[in-house]
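Chemist: Whatever this is, show me its structure:
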Amino acid sequence: MTRPSKPASSVILAGAGPGDPGLFTLAADKACRSASTIFYDALVSPEILKRFPGKKCVAVGKRGGRPSPSQEAINRKLVSAATRGGIVVRLKGGDPFLFGRGGEEATALRNRGVRVRAIPGISSGMAAAAAAGFPLTDRRFASSVTFLTATAAPRGSRSVPPDYRALVRLGGTWVFFMGLQALPDIVRNLIRSGADPNLPASTISKATTRFQRVVTSTLRGLPDEALRFKLDAPALTIIGPVVSLRPPPLRDVPVLVMRPEHQAGRLSGLIRKKGGIVTEYPALKIVLLRPNPRLDRARGRLAAYDWIVLTSGNTVRILSRVLKNSSRRARLAAIGPGTAAALRKTGLRAHLVPSTDFSAEGLAETLLKKLGSPGNIWLPQAEAARDVLAADLRHAGHRVEATPIYQTRVSKKQLANVRSWIKTVDQGLVPLTSASMARAFSEAARGLDLSRLRLVSIGPVTTAAARAARLPVSAESPRAVLEDLVDTLHLVA
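Modeler: Next up, the predicted model:
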């Protein structure tokens, strides 16, 4: 009597696409639904895995610079699962056979007698360019596209580094995978090999996801721009004339501006210059604290202060007459360029402005480097201002008089308008310029789907407030100034 033959073990190598769950193929979806075990990469979207409740999903992702299972260990797990029977799916980011070690895994499996079937996926190498708004080839500019990896095989194995001179002779479009850390070396090698330093170039982080960020520059300038905006992996770099075909990212993009009415104009103007369609709903308003005996007392002691520390344009606007009083002998410190500009409008100048960190922490650090012996400091500020600046100065021995002079209130009417805007806009951008604005937006958006929006924060304090309110922040401005904030909107559009 013959025994029934045991089914041949097999593994399906399936591509999960570039990140957007909507780009996950029907074939890969069908394979995962029939699988007994799914081994998935770190780059596979959690939203994709949520489609398969009850399935045994095993993380075997490898991420550069982080603790990861070795390739040999992954191969052993795949072989072991396959020989136990059932359908095993190896789910890999992008396409399994394009810089995904799919070839290595297929070879290891076949050498152990395991059958391998592949399901193609949309490679991020192609999807990133399309998501950023430009083609990889165009008969006017590029008749070829070359995919390269900046990550070599382990030492001792056969590694084929890019031939940069051959690449430059070929021309066309060059797409570098896994090249963020190596970007300065890539650029240096290309220019040394004869590439035009002014070639259009782009680095795209987290392509096709809601956290996609796109930096465009010249070849020579790209590493600095990627560093300026703190791009993180996964990222691809695309170099060639086709990058110049990217349309202005903010053109015809709806942008919501929620700043107080007297402050909205400058931000709105910068966005409109980039082509954005601005809707202003001043959800926040500045209200003076009245009566204010603490302010009255500080005015009476104006001549006693050595420094007056100004942390917003609102403070300058409210106290312009006080600051111009002839009894003032104090020097003026401004938290950043915007506050310094507000002073100039009143005919005054800031004696001290931080060079890069335009936060309370940055201002405290700059002041403490400048100040000598303990002095008298007046700190007029918002009622809800953080205590960090006054605390740091006091800790260093300075006498600080912190005086609340205004409060930020939320307009319920404007919050209703913001809520309507969120419901009706197709794709939009929301710049968050303060922690109070982040909290107000969260209140307006309660219960709504924000997946069609990209939220951009002006700095770490605002980002922390937004995330505490469970808002998805797509990017943070490299400096807390409006020009950089608008550049960051440009980055995520």
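
Chemist: okay but Val388 is in contact with Ala364, surely?
Modeler: Yes - between Val388 and Ala364 there is a contact at 7.0 Å, judged by CB atoms under 8 Å. In short, each C-beta sits where N, CA and C put it, glycine included.

Chemist: Looking at those two now, which is surrounded by more residues?
Modeler: Just comparing Val388 and Ala364: by other CB atoms under 10 Å the higher neighbour count belongs to Ala364, 22 against 14.

Chemist: In terms of helices and strands, where is that one?
Modeler: helix 360-370 (DSSP states H and E).

Chemist: Please point out which parts of that helix sit buried.
Modeler: By neighbour count on 16 or more other CB atoms under 10 Å, the buried set for helix 360-370 is Ala360, Glu361, Gly362, Leu363, Ala364, Thr366, Leu367.

Chemist: show me the contacts for the second one.
Modeler: Each residue near Glu361 by CB atoms under 8 Å, 6 or more residues apart in numbering is listed here: Val388, Leu389, Asp392.

Chemist: State the helix or strand in which the last one lies.
Modeler: In the assignment (DSSP H and E), Asp392 maps to helix 388-395.

Chemist: Give me the contacts around whichever helix or strand comes after that helix.
Modeler: Using DSSP H and E, the helix or strand that follows helix 388-395 in sequence is strand 399-410. Residues outside strand 399-410 that contact it (CB under 8 Å, 6+ apart) are 260, 283-289, 292, 294-295, 298, 301, 305, 314-315, 318-319, 374-385, 387, 390, 393-394, 434, 436, 440, 443.

Chemist: go on, stretch 89-103?
Modeler: Contacts for stretch 89-103 (CB under 8 Å, 6+ apart): 11-19, 28, 31-32, 35, 37-44, 48, 62, 71, 78, 105-106, 118-125, 147, 149, 177-178, 234.

Chemist: Mind doing that once more with 6 Å?
Modeler: 11-16, 18, 31-32, 35, 38-41, 43-44, 118, 120-121, 123-124, 149, 177 (CB atoms under 6 Å, 6 or more residues apart in numbering).

Chemist: Give me the buried stretch members for that stretch, please.
Modeler: Neighbour-count burial for stretch 89-103 [16+ other CB under 10 Å]: 89-102.

Chemist: so where's the stretch 101-250 of the chain uncertain?
Modeler: 151-160 (pLDDT under 70).

Chemist: Helices of that one, start to end?
Modeler: All helices of the stretch 101-250 of the chain, identified by DSSP state H, counting those that start in this stretch, fall at 102-111, 124-132, 164-170, 183-192, 222-228.

Chemist: for stretch 254-264, what is the average pLDDT?
Modeler: For stretch 254-264, the per-residue pLDDT values average out at 95.

Chemist: Restrict that stretch to CA atoms and write it as CSV.
Modeler: What follows is stretch 254-264, C-alpha atoms only, in CSV (Å, rounded to 0.1, in the frame of the first residue of the first chain):
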residue,chain,number,x,y,z
PRO,A,254,-5.5,74.1,-0.5
VAL,A,255,-3.7,75.4,2.6
LEU,A,256,-5.5,76.3,5.8
VAL,A,257,-4.1,79.3,7.8
MET,A,258,-5.4,79.5,11.4
ARG,A,259,-3.2,82.3,12.7
PRO,A,260,-4.8,85.3,14.5
GLU,A,261,-6.1,87.9,12.0
HIS,A,262,-3.3,90.4,12.5
GLN,A,263,-0.7,87.7,11.9
ALA,A,264,-2.2,85.7,9.1
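
Chemist: how much distance is there from it to the middle of the chain?
Modeler: 21 Å (CA atoms, centre = their mean, to the nearest Å).

Chemist: Can you give me the buried ones in that stretch?
Modeler: Residues of stretch 254-264 classed as buried by neighbour count (16+ other CB under 10 Å): Pro254, Val255, Leu256, Val257, Met258, Arg259, Pro260, Gln263, Ala264.

Chemist: surely the fourth one meets Ala264?
Modeler: Yes - using CB atoms under 6 Å, Val257 makes contact with Ala264 at a distance of 5.2 Å.

Chemist: Quickly list what's touching both of those two.
Modeler: Joint contacts of Val257 and Ala264 (CB under 6 Å, 6+ apart) are Glu280.

Chemist: contacting residues for Pro282?
Modeler: Contacts of Pro282 by CB under 6 Å, 6+ apart are Pro260, Glu261, Ala264, Gln414.

Chemist: err, Phe39, not the other one
Modeler: Counting by CB under 6 Å, 6+ apart, Phe39 has contacts Val58, Val60, Arg90.

Chemist: I'd like the distance between the first one and Ala195.
Modeler: The spacing between Val58 and Ala195, counted by CB to CB, to the nearest Å, is 43 Å.

Chemist: More neighbours: which of those two?
Modeler: Taking neighbours as other CB under 10 Å, Val58 and Ala195 compare with Ala195 leading, 22 against 15.
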